[in-house]
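> missing the sequence, but the structure's below:
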């Protein structure tokens, strides 16, 4: 018992001695560790404070250069497309007389440097004839699409601003026109008017407005429910002032893009109607006439009479499509900053 008590008393003395010496050493170690961690934290804070400046600068400046290059590229494609289309029209008008000249000594020639698209059975240069036909098709498309867009704007605005009865009537007319195939209605109108240049132009103009009218109606309805229109009404602005200063700028970008995208449809339908014999007369150079006449010579191996004019028509349509798509990217608020 005495030895046990003595052993317990010795353990207590050792514990007391460690307790007396330990805190100071532990405190010093903890202080040193805390100092090291504070130094590391300070260094990390300094590094972190410097890093975001570089990252932020990169994030804010790199996309601007990219957006600028995209915008310049889009504008360049638009200008190039319009310039090529204008060149086709001008060149086609200038070579119309030359394209009609015949030379039976040079008939049925295959494509060469002297005749890029070859010659037909009357010795006419197919390149010049195709160029003249494309200019005629583009002119028909411009007139028809312009008239059709005016109809679409008038009916779309009437449907959006004229009340429920007017809206129902215009919507019914749009659905009716879109339910009838364009080519069938176009042939009927062109044949009734007497075919020719004006028959095709009027037929295309009267059959291609429904899609654009629907877009204009939807844009005006969306604009009419906007907050800034409500504010303009409460400020006492008249309906005419609201329509001119607010609704027209809101609808104009979509209207212009829709107008440009009408051109390819008008050109293709003009060529189709002329190909079927209900459009432009055979003596007038037109892509539809060229393709229609070339069908009888394909079996004789004269493939160039149809291939090159067809490819030229497709290229012209693609130029219109490129011009419309890039113009939409430039003026559409949703994509102008891409």
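On my side now, so go ahead. Note that the coordinates shown come from a computational prediction; the quantities given were computed from them, not determined experimentally.
> C-alpha from now on. contacts and neighbour counts both.
Fine.
> touching stretch 316-328 from outside, list them.
Contact with stretch 316-328 is made by 74-75, 77-79, 81-82, 84-85, 134, 253-254, 257-258, 260-261, 263-264, 267-268, as judged by Cα atoms under 8 Å, 6 or more residues apart in numbering.
> what are the buried residues along that stretch?
Burial within stretch 316-328, assessed by neighbour count using 16 or more other Cα atoms under 10 Å, is assigned to 316-317, 319-328.
> ok, stretch 277-295 next?
Under 16+ other Cα under 10 Å, the buried positions of stretch 277-295 are 277-280, 282, 284-294.
> before we move on, back to that, can I get the buried residues of stretch 316-328 in CSV including secondary structure, pLDDT and distance to residue 122?
Below are the buried residues of stretch 316-328 laid out as CSV (DSSP: H, G, I helix; E, B strand; the rest coil; pLDDT from 0 to 100; distance: Cα to Cα, whole Å):
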residue, secondary structure, pLDDT, distance to residue 122
316, helix, 88, 26
317, helix, 86, 28
319, helix, 88, 31
320, helix, 85, 32
321, helix, 83, 34
322, helix, 85, 36
323, helix, 84, 36
324, helix, 81, 38
325, helix, 81, 40
326, helix, 83, 41
327, helix, 82, 42
328, helix, 79, 44
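> for residue 237, grab phi and psi.
Residue 237 adopts backbone torsions of phi -70, psi 140, taken as degrees, to the nearest 10.
> hang on, I meant residue 125
Phi and psi for residue 125, reported as degrees, to the nearest 10, are phi -70, psi 120.
> my read: it touches residue 119, true?
Yes. Counting by Cα atoms under 8 Å, residue 119 is a contact partner of residue 125 at 4.8 Å.
> surely residue 105 is in contact with residue 123?
Yes. Using Cα under 8 Å, residue 105 is in contact with residue 123, at 6.9 Å.
> looking at the two, which is more packed in?
In this view residue 105 and residue 123 are compared by other Cα atoms under 10 Å, and residue 123 has more residues nearby, 18 against 9.
> could you pull up the residues touching that one?
Per Cα under 8 Å, 6+ apart, neighbours of residue 123: 102-109.
> which among the residues you listed gets closest to residue 207?
Proximity of those to residue 207 was ranked by Cα to Cα; the top entry is residue 102 with 37.0 Å.
> and that closest one, its phi and psi?
According to degrees, to the nearest 10, residue 102 has phi -110, psi 150.
> likewise residue 194?
Torsion angles, degrees, to the nearest 10, at residue 194: phi 120, psi 20.
> now it: how far from residue 172?
Look at residue 194 and residue 172: by Cα to Cα, to the nearest Å, they are 29 Å apart.
> before we move on, what about residue 236?
From residue 236 to residue 172 the distance is 34 Å (Cα to Cα).
> equivalent analysis for residue 74, please.
Look at residue 74 and residue 172: by Cα to Cα, they are 38 Å apart.
> please apply the same query to residue 115.
52 Å.
> more neighbours: which of those two?
More crowded of residue 115 and residue 172, by other Cα under 10 Å: residue 115, with 16 against 12.
> just say helix, strand or coil for that one.
coil (DSSP: H, G, I helix; E, B strand; the rest coil).
> use 19 as the first number for this chain going forward.
Renumbered: residue one is now 19, and that last one reads residue 133.
> ok, for it, nearest residue in space, not its chain neighbours?
Distance criterion Cα to Cα, 6 or more residues apart in numbering; nearest residue to residue 133, sequence neighbours excluded, is residue 143 at 6.3 Å.
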